[in-house]
Structures are given as structure tokens and as C-alpha cells.
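Novice: here you go, sequence then predicted model.
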Amino acid sequence: MGELIALEGLDGAGKRTLTAKLVVELEAAGARVATLAFPRYGESIHADIAAEALRGQHGDLAASVHGMAMLFALDRAAAKSHLSRLCSDNDVVILDRYVASNAAYGAARLRENSDGPFVQWIENLEFGRFRLPLPARQMFLGVPVELAQRRAAGREGTEPGRERDIFERDGDLQRRTANVYSALAAAAWVSPWRVLTATDPGAELAQWILG
Ligand SMILES: Cc1cn([C@H]2C[C@H](O)[C@@H](COP(=O)(O)O)O2)c(=O)[nH]c1=O
């Protein structure tokens, strides 16, 4: 049975690039690997509504921290059978964002800490009520906030649907989100974490994942 490995980080941190690098390293080590990115744009009504809200549609929906988090959580709940199929067919499933994204962004929006009521609500909702599988390990790709912001800005308009959303435009929110991520990692929230930099060697990381 394959294990879920969640890769977390700010918008523009380089999660997609690292995911591609890890797939190469893990396959070179003989592992069967699958990847899945959340939100599942184009595949889930919840993800698409969340994206529309982040770009100004649906009235005040984006202002509701719990409403937005519920949409992201429902997207994952609807992916449960897909996730278990991926786990049965592979040794490792790398998730580009998972439940900790909801915990970190929501707590940051509410100016709460990683041990506050919002993170507890997310844990109870997604792992408790929705019975989402726990990630075996989690990684936080911690690049400087300014660099992530520049990358996210540079990406704007280069791909359909990749224009910056209201979370990405808010540098202060990104900074607070990075702090919550660091605290979640330090507390080994839900499972063991590893804090990465962009220069961490992929091969060694692959061994940690497989270990
Ligand atoms: C997957 C996920 C993303 N987000 C945020 C992170 C991003 O700023 C935004 C859209 O995600 P994306 O930029 O990775 O497509 O939504 C959450 O707040 N909760 C979640 O569960």
C-alpha cells in the first residue's frame, strides 16, 4: 500500500518543480510514484468555485475563511476513492498541497497560531469527519517570502487560470502563512515533517520519503 507524502509551501515556492524532481528520483530508486495536486481545478466543482471566489466572483464568499476552507476540504473529500486507488497502485503518492494548506492559510487569515481553534477545526473536519487518509510525511518548502511572491507574480498570465488570486497578492498573508507552516512542521502536526530549501538534494530527499 503506497504512502501519501504531502508537499506544502507558499504560492510560488516551487512545489511543482520539486514534485517533478522527486518523481524522477523516486522512480530511479525503483518506486512506483503518482502525483496529485489540490485544489483539483477542472475536476471538482468545489475547487472551481473556490478559484472563482478567489478571483472576485460569488459575492463575499472569499471573505469567509471557513466557507473557503470548506470548499477546499470538500474537494479533498470527493477525491477519497481516487486517492485510495492511487495508493493501491503505487508505492508513493506525492500530493502538491493537502490538508495542511487549509490549516496554514486559514489560521493565517484569522491571525491564529498553529495550535488555535481553526487548525483544530480543520483536523477534526478533514481527518475526523471526512476520514481523509493521514499523510505519512509532510514537507514544507520554505523559500523566502519575497522570492515566492516574485515567482507567483511572474507566472501571472503565462498559463490559463494562473492569474494571481487574492491570497497570492497579499504579501502579509503569505508571511503569516509561512509562520504557521513552520510551526506546524515544528510540532510534527499529524505526521513527521521536513523543512526543505530549494537546494536540498533530491536523491537524499527521496531516501527520506522511502525510509
Ligand atoms: C489546497 C488548498 C489551497 N489553499 C489556498 C492556497 C492558494 O493560495 C490558493 C489556491 O491554491 P493554488 O495556488 O495552489 O492553486 O488556495 C487553501 O487555502 N486551502 C487548501 O486546502
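Specialist: Cool, the structure landed.
Novice: which residues of the chain lie near the ligand?
Specialist: Applying C-beta under 6 Å from any ligand atom, we find that the chain lies next to the ligand at 11, 38-39, 72, 97, 101-102, 105, 165, 167-168. Yep, even glycine has a C-beta here, placed from its N, CA and C like the rest.
Novice: which secondary structure element contains Ile94?
Specialist: strand 92-96 (DSSP states H and E).
Novice: what helices and strands are in contact with that strand?
Specialist: The elements that strand 92-96 packs onto, with contact taken as 3 or more C-beta pairs under 8 Å, 6 or more residues apart in numbering; DSSP states H and E, are strand 3-9, helix 15-28, strand 33-37, helix 80-89.
Novice: for the ones you listed, give me CSV that also has distance to Val65.
Specialist: Listed next are these as CSV, based on distance: least, C-beta to C-beta, whole Å:
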stretch, distance to Val65
strand 3-9, 18
helix 15-28, 22
strand 33-37, 22
helix 80-89, 24
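Novice: out of those, deepest packed?
Specialist: With neighbours defined by mean count of other C-beta atoms under 10 Å, none of the helices and strands packed on strand 92-96 is more surrounded on average than strand 3-9, at a mean of 24.
Novice: that strand pairs with which strands, and in what direction?
Specialist: On the basis of DSSP bridges, the sheet neighbours of strand 3-9 come out as strand 92-96 (parallel), strand 137-141 (parallel).
Novice: quick one: contacts of the last one?
Specialist: It stands for strand 137-141. Contact partners of strand 137-141, identified using C-beta atoms under 8 Å, 6 or more residues apart in numbering, comprise 3, 5-9, 13-15, 18, 98, 100, 181-182, 184-185, 189-198, 205, 208-209.
Novice: buried subset of those residues as a PyMOL selection?
Specialist: Typed into PyMOL, the line below selects the buried ones among those, using 16 or more other C-beta atoms under 10 Å:
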select buried, resi 3+5+6+7+8+9+13+14+15+18+98+100+181+182+184+185+189+190+193+195+196+205+209
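Novice: angle of the longest helix seen in the chain against strand 3-9?
Specialist: When every helix of the chain is counted residue by residue (DSSP state H), the longest turns out to be helix 171-186. Relative orientation of helix 171-186 with respect to strand 3-9: 150 degrees, computed using axes from the mean of the first three to the mean of the last three C-alpha atoms, to 10 degrees.
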